[in-house]
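>>> Quick one, structure for this:
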Amino acid sequence: MTTMQNLDTRYTEAAIEADATVPAIHIWRDFAATPAQLFRAHTDREIFASWVGPASIGADISEWDAREGGAWRYSVRGGEGREEFETSFHGCFHTVREDRIVQTFTWDGMPDGVALETMTFEDLGDGRTRLHAVSLCDSFEDRDAWLRSGMEVGVNDGYAAIDKLLADGAL
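Numbering: from 1, shown residues only. From the prediction side, this is the model:
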């Protein structure tokens, strides 16, 4: 799979690709938004909690300090029609600026599998912004486990929720 984005392509749904050379996952998604709006969606505690993850679950943020050197932690729970579950995630912010966020990401169910995530917000010049997220995992095995986890459901549901927040003027 290629990890080069095509500037002529419009990503109305998330394009999720495994990097062939390093244990990384690339995600591209375009939004009818400014970089500042996408930055806010990823750094404002309440807004982040309103969109993260699959639509069928809710996020409970117990720690949120979206600044360089700050930390974050949240849990998600679900059920309805399937077995009840709860799981949590945590990390630290390393770079927090309007065009770029770098953070660590750990699923508490796999505490040794720390990923380094970089998100960039590229103004496409047509009222749209491209989000490019790269998650560098500890190993190819961890990366492949993420890809098999059904993560695309949470990614696409979450990004659709951002689209709705934008359409409703909440961002």
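
>>> Against Asp99, how distant is Met151?
Summarising the geometry, the distance separating Met151 from Asp99, computed by Cβ to Cβ, to the nearest Å, is 24 Å. (Glycine included, C-beta is placed from N, CA and C.)

>>> any low-confidence regions in the protein?
1-7, 79-84 (pLDDT under 70).

>>> at 80 what do you get?
Under the criterion of pLDDT under 80, the regions of the chain flagged as low confidence span 1-8, 53, 55-56, 58, 78-85.

>>> how far does the longest helix along the chain sit from the chain's center?
Using DSSP state H to assign secondary structure, the helix with the most residues in the chain is helix 151-167. Centre-to-centre, helix 151-167 and its host chain are 10 Å apart (Cα atoms, centre = their mean, to the nearest Å).

>>> State the helix or strand in which the nearest residue to Thr12 once chain neighbours are set aside lies.
For Thr12, ignoring the flanking residues on the chain, the nearest one in space by Cβ to Cβ, 6 or more residues apart in numbering is Asp30 at 6.6 Å. Taking DSSP states H and E as the definition, one finds Asp30 inside strand 24-31.

>>> cool, and Ser50?
Here Ser50 is covered by helix 45-51, with elements defined by DSSP H and E.

>>> How about the contacts made by Ile57?
With Cβ atoms under 8 Å, 6 or more residues apart in numbering as the criterion, the residues that contact Ile57 are Val76, Arg77, Gly78.

>>> I'd like to know how many residues surround the residue nearest to Thr12.
The criterion is other Cβ atoms under 10 Å. On that basis, Asp30 has 20 neighbouring residues.

>>> For it, give its distance to Glu122.
Distance from Asp30 to Glu122, by Cβ to Cβ: 9 Å.

>>> just Asp142 next, same as before
Relative to Glu122, and taking Cβ to Cβ, Asp142 is found at 27 Å.
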